[in-house]
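Q: Sequence first, predicted model second:
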Protein chains: 2
Amino acid sequence: MESIPINEIDTPALLIDLERVEKNLQQMQQKADQYGVRLRPHIKTHKIPELALRQVQLGACGITASKVSEAEVMARAGIGDIFIANQIVGFQKLKRLVELSRKTNVAVGLDGIAGARRLSETFSAAGATIDYLIEVNSGLNRCGVLPGREIIALIKAVQPLPGIKFRGIFTHAGQAYGKTSLAEVKQVSQFESRTMHEIAEDLQALRFNVQTVSVGSTPTMKVWEGWPGINEIRPGTYIFNDAIQVALQVAQPEACALTVLATVVSRPDSGRAVIDAGSKVLALDKGGHGVETAKGFGMVLGRQAVIDRLSEEHGIMTVDPGEHLAVGDCIRIIPNHVCPVVNLFDKAYGIRNGALETVFSIAARGMTQ
Amino acid sequence: MESIPINEIDTPALLIDLERVEKNLQQMQQKADQYGVRLRPHIKTHKIPELALRQVQLGACGITASKVSEAEVMARAGIGDIFIANQIVGFQKLKRLVELSRKTNVAVGLDGIAGARRLSETFSAAGATIDYLIEVNSGLNRCGVLPGREIIALIKAVQPLPGIKFRGIFTHAGQAYGKTSLAEVKQVSQFESRTMHEIAEDLQALRFNVQTVSVGSTPTMKVWEGWPGINEIRPGTYIFNDAIQVALQVAQPEACALTVLATVVSRPDSGRAVIDAGSKVLALDKGGHGVETAKGFGMVLGRQAVIDRLSEEHGIMTVDPGEHLAVGDCIRIIPNHVCPVVNLFDKAYGIRNGALETVFSIAARGMTQ
């Protein structure tokens, strides 16, 4: 570990409150245990192998990843069970997926016959087999098959293909990020689970072996109270929480474990302060999946200040006249959407009781491919 | 160089059209030469030492950078004259700036007495000296001193401080990005130059030695036709151009040298296609400095498709019913704002005549501090 006193951490920097992380991880694991489902956290939020290993240690059945490259990083770190909740269609990635599948238990998403043929072709040519889960569109309208006959038709078409094996169904009701009240988030959560339960029942009635019925996003899982037939949940952001989760009322600011440390670099007038955290640090997200729910570009802690504008290197804040903020002062910010913020950094500082305990390498950052 | 045929480049990837880059670089250098001013391009757009060296080879007097860390990368690559157009106030960065100033000709921005004292304190304690340029707020309302008596008062207060030396004034009229017509961009450009010329005259009348009067952004420099007293211009984006420059009518799509190569990963219905380029690749910018000017999240080349929504890993496109786009097909996209897109990648592919010529390491990406 680098030996840096906390007040000498250069800015902008990511600070991770280790006690709060532990609490957030335990709470979600307890919920999974309480309802008797597997927790398979999405590691895109933290991208840090040590934290993924801690999730597994606390009881997670494995992890969820978005990319083959992320999965490779996590497999190297010793994670033995990985679900890539995404369509993998490029042949370079498919070849890497074959290699990965020889070293670790890996499954992948599927939502169409064209993707299925590519997967089958690559795996069968390599003499390998991979499990797939059919992605269901439960309202986000991104990828996935709509509930109904189309799913049954797809599985029937895909099942004869060699090299790939049906494991179950998954969905991500990300439209929860567009809701403005807790009641609406709960409705989305119930719709997500009910939809998947019904599909699973229909498939089982047709004698398909549906091992996994997987749902989840942090908001829909925070308000979740279990559902028949659901046996896996895949939240990600809950490890840190963020200002969007606070805006959705599924997290309190105190439960936000990651903050951005920034420095005031200019006070051009009494109402404006400029910090060294712009869009290259805080990202431009104002809500999940393109829906605006947060006010400003992050929550400034303990200061009467709103981050109104970001350019690449600067955050431009409107500051209350009574707020003393001098050039050189540091502030802490809860980012709106923590996942892309983590992706913009190479390392993060782990803090306990206000003291620097460890420096994490964000090993799966920048995994574009 | 890695030996990858262009059709085997995995996606998402950055493709740089080397001939177009050369043309863009030469055009701006010719403009600088024509009007007898120094060109000091901002390297935040490309972050690639080889391209900075090419800019200098073509006649640039040096480069502009945003961060000490970016300047360090470029100095190591052999760039001998660097202006950091930003306020540097943290003591860790100031110490690195001292080290950098011993190796290369470096100057820095200043916009207040508090920052000046920190700079002076660090440099004088180290027995070193650094040149500074006062930042003028010519309408962007970010950092900088407003034109008028405040600038004179600031320089008078700062001049006696040891370890720092006045070199001139600079501004960035980034409000040009909020304009919607070419005529308005021209007005901003003229205002930027006129303001700086007047301040320089006032300072010279008071016997201040104003060596450098520096202006620039790509839009204001694209429409620039010279101005008395201005002797340095600092555009950055012109090397690649992007969809925001096209929206501002200061560049044609043909002049955009950087495109994102992406793959269709899902066709959930006849009107929607999903690509493997989301906000982790295309960034969420819809205009410069927070003003929306572009339509969608990038210009899709040669396809009747609009990128309506981005989540982290997915671009969700509305596709014309007549457009054939299958899973596995590749498309090319001109990003809205090219600078943050480059920052999200570790490497970029240099293409000439449709063939891969070189792979650039984006050595100054991720320079958060």
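A: Noted; the coordinates are in hand.

Q: drop to CA atoms for contacts and neighbour counts, all remaining ones
A: Noted.

Q: so what's A:Leu356 up against?
A: Counting by Cα atoms under 8 Å, 6 or more residues apart in numbering or on different chains, A:Leu356 touches A:Ile4, A:Pro5, A:Ile6, A:Tyr349, A:Gly350.

Q: let's go with 6 Å and repeat that
A: By Cα atoms under 6 Å, 6 or more residues apart in numbering or on different chains, A:Leu356 lies in contact with A:Ile6, A:Gly350.

Q: my guess is it is in a strand, correct?
A: Yes. Counting by DSSP: H, G, I helix; E, B strand; the rest coil, A:Leu356 is found in a strand.

Q: Up against chain B, what does the stretch 1-150 of chain A have?
A: Neighbours of chain B within the stretch 1-150 of chain A, by Cα under 6 Å from any Cα of the partner chain: A:Thr11, A:Pro12.

Q: what are the ranges of the helices in the stretch 1-150 of chain A?
A: Listed in chain order, the helices of the stretch 1-150 of chain A (DSSP state H, counting those that start in this stretch) span A:18-34, A:49-57, A:68-76, A:91-103, A:113-125, A:149-158.

Q: Please tell me how far the nearest residue to A:Leu97 once chain neighbours are set aside sits from chain B.
A: Spatial nearest neighbour of A:Leu97, chain neighbours left out: A:Val68 (6.4 Å); criterion: Cα to Cα, 6 or more residues apart in numbering or on different chains. Separation of A:Val68 from chain B (Cα to the nearest Cα, to the nearest Å): 12 Å.

Q: got any ranges where chain A has weak pLDDT?
A: Residue ranges of chain A with pLDDT under 70: A:1-4, A:289-291.

Q: what sits against the residue lying closest to A:Leu258 once chain neighbours are set aside?
A: Nearest residue to A:Leu258, sequence neighbours excluded (Cα to Cα, 6+ apart): A:Ile16, at 4.6 Å. By Cα under 6 Å, 6+ apart, A:Ile16 lies in contact with A:Ala257, A:Leu258, A:Tyr349, A:Gly350, A:Ile351.

Q: biggest separation within these, which pair?
A: Using Cα to Cα, the two most remote members of these are A:Ala257 and A:Tyr349, lying 11.5 Å apart.

Q: Show me what the longest strand along chain A packs onto, helices and strands only.
A: As assigned by DSSP state E, the longest strand anywhere in chain A is strand A:258-269. Applying 3 or more Cα pairs under 6 Å, 6 or more residues apart in numbering or on different chains; DSSP states H and E, one finds that strand A:258-269 contacts strand A:13-17, strand A:272-275, strand A:330-334.

Q: Residues contacting the second one, please?
A: So the one you mean is strand A:272-275. Here strand A:272-275 makes contact (Cα under 6 Å, 6+ apart) with A:Thr263, A:Val264, A:Val265, A:Ser266, A:Arg267, A:His314, A:Gly315, A:Ile316, A:Met317, A:Thr318, A:Val319.

Q: Nearest residue to the middle of chain A?
A: A centroid search over chain A (Cα atoms, centre = their mean) returns A:Gly236, at 3.6 Å, as the residue closest to the centre.

Q: Find the nearest non-adjacent residue to it, please.
A: Nearest one to A:Gly236, counting by Cα to Cα, 6+ apart, is A:His42 at 4.3 Å.

Q: Repeat that for A:Gly62.
A: Nearest to A:Gly62 is A:Asp81, by Cα to Cα, 6+ apart, at 4.7 Å.

Q: Roughly how far does A:Arg272 sit from A:His324?
A: 11 Å (Cα to Cα, to the nearest Å).

Q: neighbour count winner among the two?
A: The neighbour count for A:Arg272 versus A:His324, taken as other Cα atoms under 10 Å in any protein chain shown, is higher for A:Arg272 (22 against 11).

Q: Test of understanding: give the bridge partners of the more buried one.
A: With DSSP bridges as the criterion, A:Arg272 is bridged to A:Asp269, A:Thr318.

Q: what's stretch A:326-343 in contact with?
A: By Cα under 6 Å, 6+ apart, stretch A:326-343 touches A:45, A:242-244, A:259-266, A:281-283, A:298-301, A:365.

Q: How many neighbouring residues does A:Pro228 have?
A: Counted with other Cα under 10 Å, A:Pro228 comes out at 11.

Q: Pop the domain breakdown of chain A in here.
A: Listed domain ranges for chain A are A:6-11+A:251-361, A:19-239 (source: automatic domain parsing).

Q: can you put the ones you listed in CSV and add distance to B:Gly144?
A: Putting the domains of chain A into CSV (distance: least, Cα to Cα, whole Å) gives the following:
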stretch, distance to B:Gly144
domain A:6-11+A:251-361, 6
domain A:19-239, 36
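
Q: of all those, which lies closest to B:Tyr177?
A: domain A:6-11+A:251-361 (11.3 Å).

Q: how long is the closest one end to end?
A: Separation of the first and last residues of domain A:6-11+A:251-361 by Cα to Cα is 17 Å.

Q: now the helices of the stretch 1-150 of chain A as a markdown table including mean neighbour count?
A: Below are the helices of the stretch 1-150 of chain A laid out as a markdown table (neighbours: other Cα atoms under 10 Å in any protein chain shown):
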| stretch | mean neighbour count |
| --- | --- |
| helix A:18-34 | 18 |
| helix A:49-57 | 18 |
| helix A:68-76 | 21 |
| helix A:91-103 | 17 |
| helix A:113-125 | 20 |
| helix A:149-158 | 16 |
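
Q: Return the distance of A:Ile331 relative to A:Leu301.
A: Distance of A:Ile331 to A:Leu301, computed by Cα to Cα: 7 Å.

Q: And those two? Which one has more around it.
A: Comparing A:Ile331 with A:Leu301 by other Cα under 10 Å, the one with more neighbours is A:Ile331, at 19 against 13.

Q: Tell me where the stretch 201-350 of chain A has helices.
A: Under DSSP H, counting those that start in this stretch, the stretch 201-350 of chain A gives helices at A:218-222, A:243-247, A:279-282, A:338-343.

Q: Using PDB, write out the CA atom coordinates for the longest one.
A: Spelled out, that is helix A:338-343. In PDB, the C-alpha atoms belonging to helix A:338-343 read as follows (Å, rounded to 0.1, in the frame of the first residue of the first chain):
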ATOM      1  CA  VAL A 338     -21.200   6.000  -9.500                       C
ATOM      2  CA  CYS A 339     -20.500   3.300 -12.100                       C
ATOM      3  CA  PRO A 340     -19.200   5.500 -14.900                       C
ATOM      4  CA  VAL A 341     -17.300   7.600 -12.300                       C
ATOM      5  CA  VAL A 342     -15.400   4.600 -11.100                       C
ATOM      6  CA  ASN A 343     -14.600   3.800 -14.800                       C
END
